[in-house]
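curious how this folds, go ahead:
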Amino acid sequence: MYEYPSDPVGWVDPLGLYEIVLGRSPFNEQLAYDLNQAKINAFPDSLWYQKGIASKPIDASTFVSQFDEVIKKAERIHFSLAGLDPEQVKNSGLNFDVKNGLLQSGNVTNVELNKILNDKSLMAKTNFYKIKPDGLFIEVSHSIVKDVFSCKKN
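Model (predicted):
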């Protein structure tokens, strides 16, 4: 029987199968922690390179290429919707804001969500979560996420 590691942060999947966590910080880290407590080894972008999910360290100059690589490679995507404004997501489009080769902060999570909502293969492997007032995450259906965020293509 397969056993989950007691220290998921130090764990690297020998088969190269990975689950990732996306969302606005600090909610993405909280969701990753909660999933790991439930024996689901899912990692936020701060651990992608360390875990072998990304081929380069993640920073403002590598995020866009690494994001595209990682979301295709991920077996499952867990996305925290906590802290997102539906109107900002609707207006953010599908392109990251890059200036002089560096990712600009501001709409990164919104664009990540738009990319997923506009790609059937990514949607099929994504679970969405909202955070309840008690601080616990619960899963949200794809249809509700689409209705609330109704992302536009650029």
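
so who does the residue nearest the centre of the chain touch?
Centroid check for the chain by Cα atoms, centre = their mean gives residue 22 as the closest residue, at 1.9 Å. With contacts defined as Cβ atoms under 8 Å, 6 or more residues apart in numbering, residue 22 is in contact with 28, 44-45, 77-80, 109, 112-113, 116. To be clear about C-beta, it is placed using only N, CA and C from the backbone, and glycine gets the same treatment.

switch the cut-off to 10 Å
For residue 22, the contact set (Cβ atoms under 10 Å, 6 or more residues apart in numbering) comprises 28, 31-32, 42, 44-45, 67, 70-71, 74, 77-81, 108-109, 112-113, 115-116, 126, 128.

in the protein, which spans are strands?
Assigned by DSSP state E, the strands in the chain fall at 19-22, 42-43, 76-80, 98-99, 102-103, 126-131, 137-140.

where does the chain have its least confident helix or strand?
strand 102-103 (a mean of 81; mean pLDDT, DSSP states H and E).

still on that earlier bit, any idea how far the residue nearest to the centre of the chain is from residue 133?
According to Cβ to Cβ, to the nearest Å, residue 22 and residue 133 sit 22 Å apart.

dig out what the residue nearest to the centre of the chain forms beta bridges with.
The residues listed as beta-bridge partners of residue 22 by DSSP bridges are residue 79.

where along the protein do the helices fall?
For the chain, the helices defined by DSSP state H cover 27-37, 63-73, 86-92, 108-117, 120-124, 142-149.

centre of the chain to the fifth one, how far?
Think helix 120-124. In this view, helix 120-124 has its centroid 13 Å away from the chain centroid, taken as Cα atoms, centre = their mean, to the nearest Å.

need the residues that contact that helix.
Defining contact as Cβ under 10 Å, 6+ apart, one finds that helix 120-124 is touched by 71-72, 74, 76-77, 79, 112, 115-117, 142, 145-146.

pLDDT wise, what is the closest residue to residue 20 other than its chain neighbours at?
Leaving out its chain neighbours, the residue that sits closest to residue 20 by Cβ to Cβ, 6 or more residues apart in numbering is residue 74, at 4.6 Å. Reading off the confidence values, residue 74 has pLDDT 93.
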